[in-house]
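Q: Fold the following and give me the result.
(one chain, ligands or ions: 1)
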Amino acid sequence: MSQRSHIEVGGWAARHYDLMMDLLLVGRYQAFIERAIGRMDIRRGDAVLDLGSGTGRNICVMLKVLGPTGRIVGVDISQEMLKQAQQRCRAYPQVTFLNRRIEEPLPFHEEFDKAFISFTLHGFEDEDKERVIANAHRALKPGGMFWILDYNEFDLDRQWFPFRWAFRRFECELASEFLSLDLKRMLAGHGFGNFVTHPFLRGYVRLLGAEKLKEVLMSAKADRIKELEKQIEDLKSRWPAHSVPPTMLQQLEELEEELERELRKAEEDKTNAQADGSGGL
Ligand SMILES: C[S@@+](CC[C@H](N)C(=O)[O-])C[C@H]1O[C@@H](n2cnc3c(N)ncnc32)[C@H](O)[C@@H]1O
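A: Numbering: from 1, shown residues only. As a prediction, the model looks like this:
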């Protein structure tokens, strides 16, 4: 992990993680996560994937709604965090944990109703954020929701000086960069849409919900490619080659290539995920 990130929590910080969160929000952390998770529309019997599950505190909140027929899988890289989570959830057989990096391929394919990641995504470099998002997308059923609880978009330079100072002093470099990231755009590139936003803590934090769009999107892309091919052929047939406005033709061809690339990638992701299988816990 790069020095730019603080999200890999170990040692003393891992052992006292919950206490630190309670102190940070002066005893209101539990109420905050209950309110946020309460907006995730979790239903009895849902299957939930928690990426970077930490001490399992969020999982316990979800369990209250899920009931005995639901299932939760927590994935985390830290043994110290996982140990606390396993201890906390020991009475619940429907909760399992996986000690894996969430930016590396995960053995899940279209089996979860919800995927959740809290205060973790901001600590990845952009290319790894893309990998985490791709993992969430692959793991979700079509129509499933990816919920991201993390910093909202805001201009740090325009905040009150003590806040600005504390954020830069205690948070990592990547967290500051995350504040200006167009996360919805990144998510849309992976086939998510129908976004919903719930702001918390004076809007500094948000719960962002992104729906995994159904296959309709892929067939819409395929239709768009056919339409563009037709437009290009029309252009070429109506004008002699030398008089077709080169920029117009080039733009159309580039757009067509881009769509084709996306479509190929989506097909490849689907084939790889099917080849990965869905066992492995
Ligand atoms: C800031 S904590 C948040 C924990 C929990 N989501 C919460 O809100 O309480 C970040 C968590 O992500 C885990 N983590 C960091 N990098 C990871 C990675 N590459 N793969 C899996 N887990 C990771 C850490 O071990 C830690 O438990």
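
Q: tell me which parts of the chain are close to the ligand?
A: With CB under 6 Å from any ligand atom as the criterion, the chain meets the ligand at residues 7-9, 52-54, 57-58, 75-78, 81, 101-103, 118-120. Quick note: C-beta positions are derived from backbone N, CA and C, even for glycine.

Q: Please put the alpha-carbon coordinates of the host helix or strand of Leu174 into PDB.
A: Per DSSP states H and E: Leu174 is located in helix 173-178. Extracted in PDB, the C-alpha atoms of helix 173-178 (Å, rounded to 0.1, in the frame of the first residue of the first chain):
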ATOM      1  CA  GLU A 173      -3.500  12.300   0.800                       C
ATOM      2  CA  LEU A 174      -5.900  10.100  -1.100                       C
ATOM      3  CA  ALA A 175      -8.800  11.200   1.100                       C
ATOM      4  CA  SER A 176      -8.200  14.800   0.100                       C
ATOM      5  CA  GLU A 177      -8.100  13.900  -3.500                       C
ATOM      6  CA  PHE A 178     -11.300  11.800  -3.100                       C
END
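
Q: what's next to stretch 169-184, contact-wise?
A: 2, 4-7, 121-126, 148, 150-156, 167-168, 195, 208, 210 (CB atoms under 8 Å, 6 or more residues apart in numbering).

Q: Average pLDDT for that stretch, rounded please.
A: Here stretch 169-184 scores 94 as its mean pLDDT.

Q: One more: stretch 68-81?
A: 96.

Q: circling back: which is the succeeding secondary structure element to the helix holding Leu174?
A: By DSSP H and E, the next helix or strand past helix 173-178 is helix 183-188.

Q: roughly how far apart are Gln3 and Pro245?
A: 50 Å (CB to CB, to the nearest Å).

Q: Looking at those two now, which is surrounded by more residues?
A: Just comparing Gln3 and Pro245: by other CB atoms under 10 Å the higher neighbour count belongs to Pro245, 10 against 7.
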